[in-house]
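Peer 1: Quick one: sequence plus predicted model below, questions after.
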Amino acid sequence: MTEFIPPGTRFHALPSPFPMKRGGELRNARIAFETWGTLNAARDNAILIVTGLSPDAHAARNDANPEDGWWEAMLGPGKPIDTDRWFVVCVNSLGSCKGSTGPASINPETGQLYRLDFPELSIEDGADAAYQVVRGLGIDTLACIIGNSMGGMTALAYLLRHPGAAHTHINISGSAQALPFSIAIRSLQREAIRLDPNWNNGQYDDATYPESGMRMARKLGVITYRSALEWDGRFGRVRLESDRPDEDPFGLEFQVESYLEGHARRFVRRFDPNCYLYLSRSMDWFDLAEYAGGDAMQGLAKIRVDQALAIGASTDILFPLQQQEQIAEGLRLGGAQAEFLPLESPQGHDAFLVDIARFGPAVAGFLDKL
């Protein structure tokens with residue numbers, strides 16, 4: 001499978017071998033990243049962004065790539081994450097197919113794609129890899145680490161495993177452990193991919209890509225990324241204008257179905273299925289309770305950070321508000337000045353990507369006080 005790397009992406013070589021939390025190691029591995037702004041002489045104005053499952057390192061346009069990034073409205077000069085003030089680094093997750101080493105990369109020991117020979121991937125591995133990028137840039141302590149969705153998990157692992165690595169933290173729609181509902185959804189997504197005959201136990205190529213499995217996985221994901229309130233307001237029960245063809249009596253009939261189909265088809269050939277499986281499972285495995293005798297709150301209390309902000313959307317069913325509230329409470333137990341900010345956004349889990357009118361001021365207000 002082809003890797004999908006944005007123009008202007010830079011790479012950091014990880015220590016070789018790079019040990020993995022659940023066993024195994026990577027050799028000659030790399031992490032893709034991009035930067036914005038200028039690192040000051042004191043090297044104390046750096047912010048790290050760690051992402052959700054599918055984004056690449058191109059969070060916003062920069063000198064190396066003028067194309068809009070996935071968080072364009074949030075990051076840049078004069079924006080909530082103001083690059084006139086901050087030096088911002090965004091990394092592509094270890095295990096992805098957007099430039100960082102993952103199952104779609106070449107295994108240097110065999111000369112073939114890793115596929116399912118890639119070691120078991122944990123959120124903690126992604127955190128350790130991101131830490132290596134930051135240290136490689138000559139930054140000892142971040143002013144702030146910002147993580148959203150899966151990145152919220154990664155940021156917590158980063159702070160726990162590397163004490164003193166950041167002064168502050170913004171956790172956006174993240175969690176300290178995977179909940180049963182989220183695990184169930186991701187399990188169905190992985191099953192859809194694995195049951196596609198073209199997946200072939202990970203041995204597919206561009207000509208035999210498991211498109212049906214990936215389409216179903218993506219549709220399930222998109223349904224949970226937004227809220228029922230938004231689906232209703234956006235599409236209602238509006239039907240497509242054309243009649244269904246006779247040869248497809250159970251085909252697309254409603255506009256919402258057409259939207260999901262179009263969204264899925266734009267995604268499937270832009271992400272590697274094995275990478276999707278590995279990253280999805282890493283979220284299910286993540287649980288800070290394992291660091292504190294089975295108590296996630298006490299796991300959070302082991303993190304040392306000066307200030308923190310945990311933000312979530314009231315309509316998020318994938319990472320519900322109680323998880324961000326737990327993060328703030330747990331970090332306070334560890335001595336942080338931590339605030340929980342629930343936002344009444346109708347747009348569900350994806351609100352942090354699209355509801356900048358609510359999420360932008362929250363992020364800007366926290367950073368302005370630093």
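Peer 2: Sure, I can see it. Numbers count the residues shown, from 1 in each chain.
Peer 1: Thr35 is in contact with Trp86, isn't it?
Peer 2: No. Using C-beta atoms under 8 Å, Thr35 is not in contact with Trp86, being 10.5 Å away. Quick note: C-beta positions are derived from backbone N, CA and C, even for glycine.
Peer 1: Quick check: the gap between the residue most central in space within the chain and Lys98.
Peer 2: The centroid of the chain falls nearest to Gly52 when counting by C-alpha atoms, centre = their mean (0.9 Å). Using C-beta to C-beta, to the nearest Å, Gly52 is found at 12 Å from Lys98.
Peer 1: How about Gly312?
Peer 2: Plainly put, Gly312 is 26 Å away from Lys98 if you go by C-beta to C-beta.
Peer 1: Could you do Trp71 as well?
Peer 2: 14 Å.
Peer 1: ditto for Leu252
Peer 2: In terms of C-beta to C-beta, Leu252 sits 30 Å off from Lys98.
Peer 1: Look at those two and report which has more neighbours.
Peer 2: Lys98 (24 against 17; other C-beta atoms under 10 Å).
Peer 1: Find the residue closest to the more buried one in space, skipping its chain neighbours.
Peer 2: Asp56 (3.6 Å; C-beta to C-beta, 6 or more residues apart in numbering).
Peer 1: Test for you: state the pLDDT assigned to that neighbour.
Peer 2: Looking at Asp56, its pLDDT is 97.
Peer 1: so where do the strands sit in the stretch 1-150 of the chain?
Peer 2: 10-13, 18-19, 25-26, 30-36, 46-50, 75-76, 81-82, 87-91, 142-148 (DSSP state E, counting those that start in this stretch).
Peer 1: Wait, Glu290 touches Gly299, no?
Peer 2: Yes. With contacts counted by C-beta under 8 Å, Glu290 reaches Gly299, the gap being 7.4 Å.
Peer 1: how near is Ala201 to Gly24?
Peer 2: Wrong residue type there; residue 201 is Asn, not Ala. Distance from Asn201 to Gly24, by C-beta to C-beta: 19 Å.
Peer 1: can I see the domain layout of the chain?
Peer 2: 10-177+288-368, 183-277 (automatic domain parsing).
Peer 1: Distance to Phe4 added to those, as a markdown table?
Peer 2: Shown next, in a markdown table, are the domains of the chain (distance: least, C-beta to C-beta, whole Å):
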| stretch | distance to Phe4 |
| --- | --- |
| domain 10-177+288-368 | 6 |
| domain 183-277 | 6 |
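Peer 1: highest average neighbour count across the ones you listed?
Peer 2: Neighbour counts averaged per stretch over the domains of the chain are highest for domain 10-177+288-368, at a mean of 21; criterion: mean count of other C-beta atoms under 10 Å.
Peer 1: Give me the distance from that one to the chain's centre.
Peer 2: 8 Å (C-alpha atoms, centre = their mean, to the nearest Å).
Peer 1: Endpoints of it, how far apart?
Peer 2: End-to-end distance of domain 10-177+288-368 (C-alpha to C-alpha, to the nearest Å): 29 Å.
Peer 1: what does stretch 138-145 contact?
Peer 2: 39, 43-48, 50, 86, 134, 155, 158-159, 164-170, 367, 370 (C-beta atoms under 8 Å, 6 or more residues apart in numbering).
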